[in-house]
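> coords please:
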Amino acid sequence: MSGKEFFVNRYKNLGWTYKQAKLKQAIRINAMNSSRDTVASRLESLGIVLEKIPFLEDGYWICKSKFSVGATAEYLLGLYSIQEAAAQIPVTLFTELEDKTVLDACASPGGKTVQFANRMNNSGVIVALELKQRKMFALANQLERSRVTNTAVYNMDAKEATNLNIEFDCVLLDVPCSGNYVTDKGWFSKRTIEDVKRNARRQRQILTEAAKVTKDGGELVYATCSLEPEENELNIDWAIGALNVKVEEINCHGEKGLTNVFGKELDRSMEKCRRIWPDQTQGFFVCKLRKQA
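Residues are numbered from 1 along each chain as shown. Alright, predicted model coming up:
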């Protein structure tokens, strides 16, 4: 089962009416390297028109620029990162990060890893995992350019995280997913429900491994850029029963998570998750879990 009509009908059954959405480019200022006002002023002096993103502390929309925002001296100096707006949310959901031991389980291209380092002020330790060897250079380059000094990078599958023999205070699972039509013009023509189910199985494997390496009382943030409930609410509903975790309240952009998916009643705590339907951002889902003792 596939095609635009199939997926659009699914979204309608989930309570959302499909619409075209134009993704707005966004940046995140790396506040440990310079102040927000200083970076914004420098970019505006170059003719880049910025707009503060209301639901993010360090995020700005790029409203107008005559050149690539990845070609400025400020970017090369690590004063800001190019990072989609919704993707800036997950790292902000952790309660406390300074001096903590953190796992970024699916790290490339490194935007969230840099964001972690910012919020930790380069304290503690971040372990960043990336499965694909070809992405390792870009990840390491991003960290070096952004002056990150507290991170170790491993070419490792997140499903093998127990091999690290480390217990983590905080774990970010920005898991591989089916994506959504906003970031891929050909999405409807090539994505099938079988792809979605396959990705959901892999995500459960990663969730299972992540729970094993999280300290009792530790926090896990789970995120996807998928609109499909199999990869989102259904996975979290499963995790509650299988992994000794509970869903925590979060305060961020987005609507409440679904508690009924195609007639199936889910745990009421799914309301604490956040589902972001496409508009100025891509589609996104995020949820915070705490491991029980």
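> so after the top helix by length along the chain, what's the next helix or strand?
Among the segments of the chain that qualify as a helix by DSSP state H, the longest is helix 193-212. The element immediately downstream of helix 193-212 (helix or strand, assigned by DSSP states H and E) is strand 214-224.
> whichever helix or strand comes after that next one packs against which elements?
Downstream of strand 214-224, the first helix or strand assigned by DSSP H and E is helix 233-242. Packed against helix 233-242 by the contact rule (3 or more C-beta pairs under 8 Å, 6 or more residues apart in numbering; DSSP states H and E) you find helix 193-212, strand 214-224, strand 245-247, strand 284-291. Placement of C-beta: from N, CA and C, glycine included.
> make it 10 Å
Other elements packing on helix 233-242 under the criterion 3 or more C-beta pairs under 10 Å, 6 or more residues apart in numbering; DSSP states H and E are helix 193-212, strand 214-224, strand 245-247, strand 260-261, strand 264-265, strand 284-291.
> next, the buried residues of it.
233-240 (16 or more other C-beta atoms under 10 Å).
> what of stretch 8-25?
Taking 16+ other C-beta under 10 Å as the basis for neighbour counts, the residues of stretch 8-25 that come out buried are 8, 10-11, 14, 16, 18, 21.
> now render those residues as TSV, adding pLDDT, secondary structure and distance to residue 155.
Supplementary listing: those in TSV, determined by pLDDT from 0 to 100; DSSP: H, G, I helix; E, B strand; the rest coil; distance: C-beta to C-beta, whole Å:
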residue	pLDDT	secondary structure	distance to residue 155
8	96	helix	39
10	96	helix	36
11	97	helix	37
14	96	coil	37
16	96	coil	38
18	95	coil	39
21	88	coil	35
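> nearest to residue 220 among these?
Using C-beta to C-beta, the shortest approach to residue 220 within the buried residues of stretch 8-25 belongs to residue 14, at 24.4 Å.
> what sits closest to the closest one if chain neighbours are left out?
Using C-beta to C-beta, 6 or more residues apart in numbering and skipping the chain neighbours, the partner closest in space to residue 14 is residue 258 (6.3 Å).
> state the pLDDT value of the one you found.
According to the prediction, residue 258 has pLDDT 98.
> burial count for it?
Residue 258 has 22 neighbours, counted by other C-beta atoms under 10 Å.
> wait, it touches residue 270, no?
Yes: with the criterion set as C-beta atoms under 10 Å, residue 258 and residue 270 qualify as a contacting pair; they are 6.2 Å apart.
> now list whatever residues contact both of these two.
Listed as contacting both residue 258 and residue 270 by C-beta atoms under 10 Å, 6 or more residues apart in numbering are 229, 232-234, 237.
> now distance to residue 278 and pLDDT too, for those residues, in JSON lines please.
Putting the shared contacts of residue 258 and residue 270 into JSON lines (distance: C-beta to C-beta, whole Å; pLDDT from 0 to 100) gives the following:
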{"residue": "229", "distance to residue 278": "15", "pLDDT": "98"}
{"residue": "232", "distance to residue 278": "14", "pLDDT": "98"}
{"residue": "233", "distance to residue 278": "17", "pLDDT": "98"}
{"residue": "234", "distance to residue 278": "20", "pLDDT": "98"}
{"residue": "237", "distance to residue 278": "23", "pLDDT": "98"}
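> from these, which is closest to residue 197?
residue 234 (10.1 Å).
> any low-confidence regions in this structure?
With pLDDT under 70 as the threshold, the chain has no low-confidence stretch at all.
> ok, now how distant is the spatially most distant residue from the centre of the chain from residue 25?
The outermost residue of the chain, judged against the average C-alpha position, is residue 45 (30.8 Å), by C-alpha atoms, centre = their mean. Computed as C-beta to C-beta, to the nearest Å, the residue 45 to residue 25 distance reads 19 Å.
> can you show me the helices along the stretch 51-200 of the chain?
Here the stretch 51-200 of the chain has its helices, by DSSP state H, counting those that start in this stretch, at 73-76, 111-120, 136-145, 187-190, 193-212.
> I'd like to know which of those helices lies nearest to residue 278.
Using C-beta to C-beta, the helices of the stretch 51-200 of the chain put helix 187-190 closest to residue 278, at 11.1 Å.
> so what touches the closest one?
Contacts of helix 187-190 with the rest of the structure, by C-beta under 10 Å, 6+ apart, involve 2-8, 178-181, 184.
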